[in-house]
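> pasting the sequence and the predicted model now:
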Amino acid sequence: MIRTNHFKLLTILRVVIVLLLCSCSNELTINMPKGPDGTPGASAYELWLQELAEGKIQDVCSGTPWDKQKNTMYDFFEFLRGCEGRDGDIPAIGPNGNWIIGGTDTGIPARGETGEPGKDGAPGRDGKSAYDLWKAKAETGTMDDPHNQGQKWPANEVGIDDFWRYLRGDDGKDGQPGGNTGQPGANIDTIAGVPNVIPRYVNQLNNEFVRWEDGGVGYTVFDDNSNPAVGAIVKGLPGVKDPNKEYTSVTGGFLLVPKEDLPDVKPLAERRGTAQVMYADESEWKESATTYVPNRIHVKLSLKVDPVIDGVYMIFSPIVERKTDGGDWQTIPNYLGELESQSIIAYEVAKSGPASYLPTTPYKVTYGTSHTQTGLNISSDNIQLNVNRLRKAATYLTDPADKWDGNEHYFTLVLDGYYGEQPQAPVVIQMPPVQAMPVITNLTAYVYVSDAVAKNFRVIDGEFDIGIDGAKIDKDLLFNNNFSKQTETVNDVEYACYSPVKDTPEVYNVAEQLTVSFVHTPNEAHNSPRGSMSSPAFRLTTPYLDARVALTCTGSYFYSLNSIGHFRITTPGNVPGDSNTLYIEDSNSYDAVFEDIPVTYNSVLPNP
């Protein structure tokens, strides 16, 4: 009992002592030195680096995290630019230190303001970053939306991702079919106070800068007051092959960077930047505002499918494609200029050296089913190109310009020019000569009535003059419609080599390709079945006087003659068996000179 009370007493004493100590009025003063100035505010680039280090930056083109090794200022601008579908606006820093996008001063400083001095005992505050300034302005709902003309930026879209989206240039739009060519230099935005070297559009709607006529890029040079600078010297354009090469502007401040000087496949970061400009009558170089140099555009010509032989023509399906920025080959956009006045030329070439074609010996080329020599639209993926075959001489043909000399000939296809290039298709084609249709002979006409003055006859019998066992036909020229194909490599270039295919006697003897027609509008009489090497005889039903006589080949063996003459009569009162009053009168057309062909009259029809 005594020990318990003693313990309670000690506890009470301890509490009293603590209370007495707490009631004492002691004052403690600690003097600290003045804090340092605040750290300068983080720039947009520094904020981006912080986000990148934390793995928060996404590549909007691929949907994957941005490569942390790509952390230079050039990489930052590449990120801001967006996908490479078409070139977007170039973010730049204006003379006043603000971000300039598409030539518009956004009012947003590219660097944060200097932080205020830290108060005693507290660290200095960071200055506001570009993002902070942008956010404050965006939240007011009064800031223009650069991606939607005439609208304001949504006041509730103020996150860091929204900031990047605001800065990022829009992807270029795809061209619309039939779009007109943009005017060079339209809607040019400049930055005052510095030289500007601005690439000229050839099609502004689709962000096309490379000129289709020569493959170069035109620029306009502006002085510090945004006036065209004539006689200015420019060097150090970003990405060009020789950064020390100098270009001089002419009337209107124009200068041309030729295709040979453009980079082939350089990343955008190496093709955006400043250049050096020296104005006329000055001796100092000035640094320009940010400019841009496109990659060179290359063009190629190839065949979609193997060629075929069709009568007097060889038919090809070429395709013209271009390559930009090291991407895939693509068809020429149909919004570019002068697409329907291009030419593909068939040049004589040596089989052993197909790259050395002879431009002085082109073959005749036509386009399309109408066989015209104009109107080739190289943006089409359905081009039909027709190359005329060389013709073997015949006794009834005058010497044509495309007369075959009896030797083997080869040719290749070359695009006459686009983007300043003349690409050759990697093909070598052996020329398949063609012989003319055999003439007709042994003609006998049978009338409905005894008076041959009648305009129509019952039938005409005759035959194609091929000689005994086809002796008058060059059987080495009886090619079918196809080419054989082999691949050969010459000077490290792979060529497709095409050779015509001859038909065998088993095929050409029974091939019904020989047709004779008597055409008298609206009636036409022609032989059925058609003639062949083994069956040259024919019969036409109901041929009319004054009809045009045509000899046509329905395959690839012969050269058709659409008019060898007209079926005529000399005097009425024909006598059966008389071959002097009916004849086929030579028409002197189609490079042909025929003798008049006699037609025997007979009133008795055999084999009714």
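Perfect, I can see it now.

> ok, which stretches of the stretch 451-600 of the chain are helices?
505-508 (DSSP state H, counting those that start in this stretch).

> same check on the chain?
2-22, 44-53, 73-81, 130-138, 160-167, 505-508 (DSSP state H).

> list the beta-bridge partners for Leu413.
Ala346 (DSSP bridges).

> tally of neighbours for Asp264?
12 (other Cβ atoms under 10 Å). For every residue, glycine as well, the C-beta is placed using N, CA and C.

> next, it: phi, psi?
Torsion angles at Asp264 (phi, psi; degrees, to the nearest 10) stand at phi -80, psi -60.

> so how far is Ile473 from the residue lying closest to it once chain neighbours are set aside?
Among residues not flanking Asp264 along the chain, Arg296 sits closest, at 5.5 Å (Cβ to Cβ, 6 or more residues apart in numbering). Per Cβ to Cβ, to the nearest Å, Arg296 is found 54 Å from Ile473.

> between those two, who's got more neighbours?
Arg296 (25 against 19).

> surely the more buried one is in contact with Pro263?
Yes - with contact defined as Cβ atoms under 8 Å, Arg296 counts as touching Pro263 (6.7 Å).

> so Gly141 makes contact with Val158?
No - using Cβ under 8 Å, Gly141 is not in contact with Val158, being 10.4 Å away.

> the two: which is more packed in?
Val158 (18 against 11).

> ok, now which ones touch the more buried one?
135, 138-139 (Cβ atoms under 8 Å, 6 or more residues apart in numbering).

> in TSV: these, plus distance to Asp214, neighbour count and pLDDT.
Formatted as TSV, the contacts of Val158 follow (distance: Cβ to Cβ, whole Å; neighbours: other Cβ atoms under 10 Å; pLDDT from 0 to 100):
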residue	distance to Asp214	neighbour count	pLDDT
Lys135	48	16	79
Ala138	45	23	79
Glu139	51	14	86
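
> of the residues you listed, closest to Asp281?
Ala138 (46.4 Å; Cβ to Cβ).

> dump the residue contacts of that closest one.
Contacts of Ala138 (Cβ under 8 Å, 6+ apart): 153, 155, 157-158, 162, 166.

> neighbours of the nearest residue to Asp144 once chain neighbours are set aside, how many?
Closest residue to Asp144 apart from its sequence neighbours, by Cβ to Cβ, 6+ apart: Lys152 at 6.4 Å. Residues contacting Lys152 under the criterion other Cβ under 10 Å number 13.

> show the contacting residues for Lys152.
Contacts of Lys152 by Cβ under 8 Å, 6+ apart are 141-145.

> by neighbour count, which of those residues wins?
Neighbour max across the contacts of Lys152 (other Cβ under 10 Å) = Met143, 19 neighbours.

> check contacts around that one.
137, 152-153.

> and it, how far is that from Pro154?
From Met143 to Pro154 the distance is 10 Å (Cβ to Cβ).

> over to Thr395?
Counting by Cβ to Cβ, the gap from Thr395 to Pro154 is 87 Å.

> which one of the contacts of Lys152 sits closest to Ile597?
Using Cβ to Cβ, the contacts of Lys152 come closest to Ile597 at Asp145, 83.2 Å.

> am I right that that closest one is in contact with Gln151?
Yes - judged on Cβ under 8 Å, Asp145 makes contact with Gln151 at a distance of 4.6 Å.

> shouldn't Tyr363 be in contact with Ala346?
Yes - with contacts counted by Cβ under 8 Å, Tyr363 reaches Ala346, the gap being 4.1 Å.

> what is in contact with these two at once?
387, 411.

> higher neighbour count, these two?
Ala346 (23 against 19).

> what does the pLDDT read for the more buried one?
Per-residue confidence (pLDDT) for Ala346: 92.

> list the contacts of it.
Contact analysis of Ala346 by Cβ under 8 Å, 6+ apart lists 362-365, 387, 411-413.

> switch to 7 Å and redo it
362-363, 365, 387, 411, 413 (Cβ atoms under 7 Å, 6 or more residues apart in numbering).

> what's the answer for Asn491, then?
Counting by Cβ under 7 Å, 6+ apart, Asn491 touches Ala355.

> and it, how far from Pro228?
Separation of Asn491 from Pro228 (Cβ to Cβ): 47 Å.

> who's Lys403 bridged to?
Listed beta-bridge partners, Lys403: Arg391 (assigned using DSSP bridges).

> tell me how many other residues surround it.
With other Cβ under 10 Å as criterion, Lys403 counts 15.

> again with the one 4 residues further on
Residues within reach of Asn407, counting by other Cβ under 10 Å, total 8.

> check Gly311 too.
20.

> residues contacting it?
Listed by Cβ under 7 Å, 6+ apart, the contact partners of Gly311 are 553, 556, 560.

> straight-line length of stretch 390-407, end to end?
With Cα to Cα, to the nearest Å as the measure, stretch 390-407 spans 11 Å from end to end.

> what of stretch 234-252?
15 Å.

> quick one: average pLDDT of it?
Stretch 234-252 comes out at a mean pLDDT of 96.

> shaky segments in the stretch 1-150 of the chain?
Along the stretch 1-150 of the chain, segments meeting pLDDT under 70 span 1-43, 45, 60, 73-75, 77-78, 81-131, 133.
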